[in-house]
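*Asks:* Next input, structure requested:
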Amino acid sequence: METDPQPKPPFNETNEDTPAIGGGLPVIEFWAEQTLSPQGPKLWKTLLHKSACLSCSWGTGGQKGGFTNEEGEKLQRCMKSVEAITAEIQPGVSTHFFDTNPIARLRQLSSYEADRLGRLSFPVILRAGSSHYERISWDEIYAIATAAFQKDPERVASYSSGRGCNEAAFILQLMMRTLGSNNLADCSDLCHAPSTTALDAMFGTKTSIVSLENLKEADCVVLAGANSPSNHPRLMNELIKLREKGAKIIIINPMMEIGLVKFGSPAFPVKSLIPGSDIASLYLQPIPGSDVALFMGIQKALIAQGLVDRAFLQTHTENWEEILAQAEQVDWETITATCGVCRAEIETAATIIGRSQRVVFGWAMGITQQTNGVDNVYSIANTALITGNAGKVGAGLMPVRGHSNVQGFGSMGVTVKLKAEIKQALERLLGRALTLPKGYHTRDLIEAADADKVDTLLCVGGNLYGANPNSAQAKRALSKIDTIIYLATKPNIGHFNGLAKTNTIIIPVLNRFEHPYKTTVESGNNFVRFNDTGETHLKGGDLVTEVEFLTTLADRVLGEHPIAWRKLADPRYVRQLIATTIPGYEKIGAIDETNEEFTISGRIVTTPHFKTPSGKAKMFATPLPVLTLPKPEDFGIDRPDRGLVLALMTGRSYSQHNTVVYKIGDKYRGMPHRNCILVNRLDAEKIGVAAHDRVTVQGDAGKLDEVEVIYGSVREGAALMFYPEVNVIFTAQTETRSGTPAYKRVPVVIYSP
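*Replies:* Numbering: from 1, shown residues only. Next up is the predicted model:
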């Protein structure tokens, strides 16, 4: 009888006070604490509201009920969603808060402190030369915004996040392109742009080709570069159920995350919550940035073991001979030296994958946030195709996205890389050709602003300042823009550090469960949820919806031709336009009558015919990465002999969503606060550093002092620190094809002061 290969012990010991499993009783304790708080009734009302989860793109909610997913399964809410809702139902920021707190003081706030200020409920402006934000009237807001958007269209830009709805996203891109601008930067540029780039080239689609229904049919899941217990915990329920059915789970992550070894899910209170459920069948810890080498090794082992589906390759793929030849020609010594995983473990992974009938390959930002992120995705997809695991039920490629509607914004056309079909539909709608400039993705936007090429910026959610590397550059670049308008539900550090040259305006908006009309969002598995109407607890506030603000602004700037912008203030009409413009979204045109949520047509691939010109998947060769690190003396430190250079991974804590921090510490990694570095004990001992000692961590853009050393289960040569705080010390290299910064391999030197 075949048994699971067991995960290796971590490379080093963890702290004694870290939990033995991920999730578990702390989740229940948190729920109980929030339920018994004064906000408890409002929390439960919101949890039960028929609107999509505010947190990750796996999510729940919509017309099936607040705790229910698209497959009708109950008990699917997680601590992440409770944290997000709890933050949104805070009391409003005091009307006198900005009068008594100068911007110099607000700039000192951390992400955690900024979020705890409460909900924004009235608009404010920081004028050039002023030391305080002050309240502003809507008439003046629209006067300033109208003038700002009448500038040269190529000097006007937007930035957005997945917190908004599809309807607002569609209006945003339609307004920008009607103006003549293609500067539609989005938070996805910083995370899964390599996924969309690679998948589009290979399969003619930019999203997951696996539905939740199909995931349930897998007998093996490969999950690479993801910390799902923290960032998409709903996925853990599916992995638990698959393991119970005998499926194998291969985890690839330089960090030994405890929740990926064993996880206690509240969805299964008896069999999982306290004892915990096994997750990883095999746990591989490669060198950060080496995933191409690891997957090439798996491919080489598949060839040697006779587990290649050549009939599938010949019939349904292009360029497969080059991929197999590349894997055969590279020697094992090069593979193992590059990825840091031994040959035996790689061969074990290949055996599991090759002998499984239906394999789903999932990945997150450990794969994409690399200088070769597109190649990483190519290598994963090549492995899937070599084994015939694409274009059938229970198999395929599944990028695991972190924000609830980040994929919806891309579907609506909020991207510099507009699909030809959408461009043609927009041209029909506008009655003219759209000759679009290249446009700025997020990193290009910061560079352009730093070069004085941007006059106006509209931020629809998100934290552009906090999300970017090199915080000093981000602050400087944003300070050169004449007018910045932020649409937000709560304050964040970007509102206090990403300040414009002339006018910085913060506009308070309603969140998803407060809208006076129905809206839609899209999950990472291509399911469209329909959100019921609601009301805000901010009585007497002065808030708007994104849809209201965008349509009013567009009407003032563009008039009524060729679009009747005021008519778009009714989301039902927007959905009619989406139905005729966005491929696969045809059903949204009738959703107000049917209340029927749906899976977007044409995206889930269960037969091996792909949306490429030939109908075949196009495979791409993937060069092996050259993973060198600078020497301590390259950082210009006084005592290079006492310095150690590591490949730093930036990451989120277990109580964090994007740049929003809900708790200061991270008990699952034994990190008590935000100014910590998680390192391998063997690395620390090389420079005579012990656990809880204080060190300086220096990158190419700055340094952080008094950083506490925490021993953790991270492989030798790597380390982890928390984002966004650590962004101040480095300028990440950018993946040239997608524009995504390499946050998961940042060269830093650590040394004792």
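*Asks:* CA atoms for contacts and neighbours, from now on please.
*Replies:* Fine.
*Asks:* Now do the helices in the stretch 601-750 of the chain.
*Replies:* 681-686 (DSSP state H, counting those that start in this stretch).
*Asks:* got a list of what the residue minimising distance to the centre of the chain touches?
*Replies:* Compute the mean C-alpha point of the chain, and by CA atoms, centre = their mean the closest residue is Gly402, 3.9 Å away. Gly402 makes contacts with 55-57, 231-232, as judged by CA atoms under 8 Å, 6 or more residues apart in numbering.
*Asks:* can you check Pro91 too?
*Replies:* 118-119, 538.
*Asks:* Let me know the distance separating it from Ser37.
*Replies:* Pro91 sits 13 Å away from Ser37, going by CA to CA, to the nearest Å.
*Asks:* repeat for Phe598
*Replies:* 36 Å.
*Asks:* The two: which is more packed in?
*Replies:* Phe598 (17 against 12; other CA atoms under 10 Å).
*Asks:* Return the residues in contact with the more buried one.
*Replies:* Shown in contact with Phe598 (CA under 8 Å, 6+ apart): 527-529, 587.
*Asks:* what's the answer for Ile710, then?
*Replies:* Ile710 neighbours (CA under 8 Å, 6+ apart): 15, 670-671, 676-679, 691-692.
*Asks:* Throw together a PyMOL command that grabs the buried residues out of these.
*Replies:* To isolate the buried members of the contacts of Ile710 in PyMOL, using 16 or more other CA atoms under 10 Å:
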select buried, resi 15+670+671+676+677+678+679+691
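*Asks:* and for the helix or strand bottoming out on mean pLDDT in the chain, what are the contacting residues?
*Replies:* The helix or strand with the lowest mean pLDDT-type score in the chain, counting by mean pLDDT, DSSP states H and E, is helix 25-35 (a mean of 91). With contact meaning CA under 8 Å, 6+ apart, helix 25-35 is reached by 40-41, 43-44, 79, 82, 86, 264, 266, 273-274.
*Asks:* Narrow those residues to just the buried residues.
*Replies:* Buried among the contacts of helix 25-35 (16+ other CA under 10 Å): 40, 43, 79, 82, 86, 264, 266, 273-274.
*Asks:* Which member of these is positioned nearest Val547?
*Replies:* Thr86 (24.1 Å; CA to CA).
*Asks:* model confidence over the helix or strand encompassing that closest one, on average?
*Replies:* Assigned by DSSP states H and E, Thr86 belongs to helix 79-88. Helix 79-88 shows a mean pLDDT of 94.
*Asks:* Just the CA coordinates for it, please, in PDB.
*Replies:* The C-alpha coordinates for helix 79-88 follow below in PDB (Å, rounded to 0.1, in the frame of the first residue of the first chain):
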ATOM      1  CA  MET A  79     -11.100  34.800  10.400                       C
ATOM      2  CA  LYS A  80      -9.800  36.900   7.500                       C
ATOM      3  CA  SER A  81     -13.300  38.000   6.500                       C
ATOM      4  CA  VAL A  82     -14.200  38.700  10.200                       C
ATOM      5  CA  GLU A  83     -11.100  40.900  10.500                       C
ATOM      6  CA  ALA A  84     -12.000  42.800   7.300                       C
ATOM      7  CA  ILE A  85     -15.600  43.400   8.400                       C
ATOM      8  CA  THR A  86     -14.600  44.400  12.000                       C
ATOM      9  CA  ALA A  87     -12.400  47.100  10.500                       C
ATOM     10  CA  GLU A  88     -15.200  48.300   8.200                       C
END
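*Asks:* what's the angle from it to helix 25-35?
*Replies:* 30 degrees (axes from the mean of the first three to the mean of the last three CA atoms, to 10 degrees).
*Asks:* Numbering from 249 from now on, please.
*Replies:* Noted, 249 is the first residue going forward, which turns the last one into helix 327-336.
*Asks:* Contacts for helix 327-336 next, please.
*Replies:* Here helix 327-336 makes contact (CA under 8 Å, 6+ apart) with 275, 278-279, 282, 287, 291, 294-295, 301-303, 363-364, 366-367, 478-479, 481, 737-738, 759, 903, 905, 910.
*Asks:* So among those, which ones count as buried?
*Replies:* Buried among the contacts of helix 327-336 (16+ other CA under 10 Å): 275, 279, 282, 291, 294-295, 301-303, 363-364, 366-367, 478-479, 481, 737-738, 759, 903, 905, 910.
*Asks:* In helices, which of those fall?
*Replies:* Members of the buried ones among the contacts of helix 327-336 lying in helices (criterion: DSSP state H): 275, 279, 282, 291, 294-295, 363, 478-479.
*Asks:* what does stretch 875-891 contact?
*Replies:* 537-538, 586, 892-895, 935, 946-948, 995, 997-1000.
*Asks:* Among the contacts of helix 273-283, which one lies nearest to Arg804?
*Replies:* Thr334 (36.2 Å).
*Asks:* can you put the contacts of Pro339 in a markdown table and add pLDDT and distance to Leu530?
*Replies:* Formatted as a markdown table, the contacts of Pro339 follow (pLDDT from 0 to 100; distance: CA to CA, whole Å):
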| residue | pLDDT | distance to Leu530 |
| --- | --- | --- |
| Gly366 | 97 | 43 |
| Arg367 | 98 | 44 |
| Leu786 | 96 | 49 |
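*Asks:* distance between the ends of stretch 466-481?
*Replies:* One end of stretch 466-481 to the other measures 19 Å (CA to CA).
*Asks:* again with stretch 986-993
*Replies:* Calculated as CA to CA, the first-to-last residue distance of stretch 986-993 is 17 Å.
*Asks:* same deal with stretch 711-731?
*Replies:* 16 Å.
*Asks:* Just give the number of residues close to the closest residue in space to Gly602 that isn't next to it in sequence.
*Replies:* In this structure, Gly602 finds its nearest non-sequential neighbour in Leu555, 5.3 Å apart by CA to CA, 6 or more residues apart in numbering. Counted with other CA under 10 Å, the neighbours of Leu555 add up to 17.
*Asks:* My guess is Leu555 contacts Thr635. True?
*Replies:* Yes. The criterion here is CA atoms under 8 Å, and Leu555 meets it with Thr635 at 7.0 Å.
*Asks:* Overlap in contacts, these two.
*Replies:* Contacts common to Leu555 and Thr635, judged by CA under 8 Å, 6+ apart, are Gly602.
*Asks:* what sits up against the helix or strand hosting Gly614?
*Replies:* Using DSSP H and E, the element containing Gly614 is helix 613-616. Here helix 613-616 makes contact (CA under 8 Å, 6+ apart) with 439-443, 472-474, 501, 536-537, 539, 621-622, 624-625, 988, 990, 992.
*Asks:* So which of the residues you listed sit within helices?
*Replies:* Using DSSP H, the contacts of helix 613-616 in helices are 441-443, 539, 621-622, 624-625.
*Asks:* where does this protein dip in pLDDT?
*Replies:* Along the chain, the parts satisfying pLDDT under 70 run over 249-265.
*Asks:* And the nearest residue to Tyr390 once chain neighbours are set aside, how far from Met423?
*Replies:* Of all residues not flanking Tyr390 in the chain, Leu801 sits nearest, at 6.7 Å (CA to CA, 6+ apart). Relative to Met423, Leu801 is positioned 9 Å away (CA to CA).
*Asks:* what's the answer for Leu471, then?
*Replies:* 38 Å.
*Asks:* now the buried ones among the contacts of helix 273-283 in JSON lines, with distance to Gly656?
*Replies:* Putting the buried ones among the contacts of helix 273-283 into JSON lines (distance: CA to CA, whole Å) gives the following:
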{"residue": "Gly288", "distance to Gly656": "30"}
{"residue": "Leu291", "distance to Gly656": "26"}
{"residue": "Met327", "distance to Gly656": "23"}
{"residue": "Val330", "distance to Gly656": "22"}
{"residue": "Thr334", "distance to Gly656": "24"}
{"residue": "Gly512", "distance to Gly656": "31"}
{"residue": "Pro514", "distance to Gly656": "29"}
{"residue": "Leu521", "distance to Gly656": "33"}
{"residue": "Ile522", "distance to Gly656": "36"}
